[in-house]
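> mind looking at a prediction? Sequence and model below.
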Amino acid sequence: MDVSDARPLKALDAKNVKLKKMLAEQILNVATLKEMLGKNL
């Protein structure tokens, strides 16, 4: 692997981190909504 190969991998890693954060936020949102709905029922 040389430098030209590493750049796209670094960009993919950064995008992967961003997507993982978005997924974690959505999971938290779903859990929060389920908890709120459970208390209201």
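All right, it came through fine.

> from here on, contacts and neighbour counts on C-alpha atoms
Fine.

> what's the spacing between D2 and A11?
Applying C-alpha to C-alpha, to the nearest Å, the value for D2 to A11 is 15 Å.

> between these two, point out the one with more neighbours.
A11 (10 against 6; other C-alpha atoms under 10 Å).

> so which elements touch the helix or strand hosting that one?
Per DSSP states H and E, A11 falls inside helix 3-40. Helices and strands touching helix 3-40, by 3 or more C-alpha pairs under 8 Å, 6 or more residues apart in numbering; DSSP states H and E: there are none.

> going forward, the N-terminal residue is numbered 578.
Got it, the first residue is 578 from now on, which makes the last one we talked about helix 580-617.

> quick one: it to chain centroid distance?
Distance of helix 580-617 from the chain centroid (C-alpha atoms, centre = their mean, to the nearest Å) equals 1 Å.

> can you list the buried residues in it?
When burial is assessed from 16 or more other C-alpha atoms under 10 Å, helix 580-617 yields no buried residues.

> quick one: mean pLDDT for that helix?
Averaging pLDDT along helix 580-617 yields 93.

> check the gap between T609 and D590 for me.
T609 is 29 Å from D590, where distance means C-alpha to C-alpha.

> what's the answer for I604, then?
21 Å.

> L610 now?
L610 is 30 Å from D590, by C-alpha to C-alpha.

> how about D579?
In terms of C-alpha to C-alpha, D579 sits 17 Å off from D590.

> ditto for V607
Distance from V607 to D590, by C-alpha to C-alpha: 26 Å.

> could you do L600 as well?
15 Å.

> what's the answer for M613, then?
In terms of C-alpha to C-alpha, M613 sits 35 Å off from D590.

> with V580 instead?
In terms of C-alpha to C-alpha, V580 sits 15 Å off from D590.

> and what of K611?
In terms of C-alpha to C-alpha, K611 sits 32 Å off from D590.

> and for D582?
From D582 over to D590 the distance is 13 Å, taken as C-alpha to C-alpha.

> cool, A583 as well?
For A583, the distance to D590 - C-alpha to C-alpha - is 10 Å.
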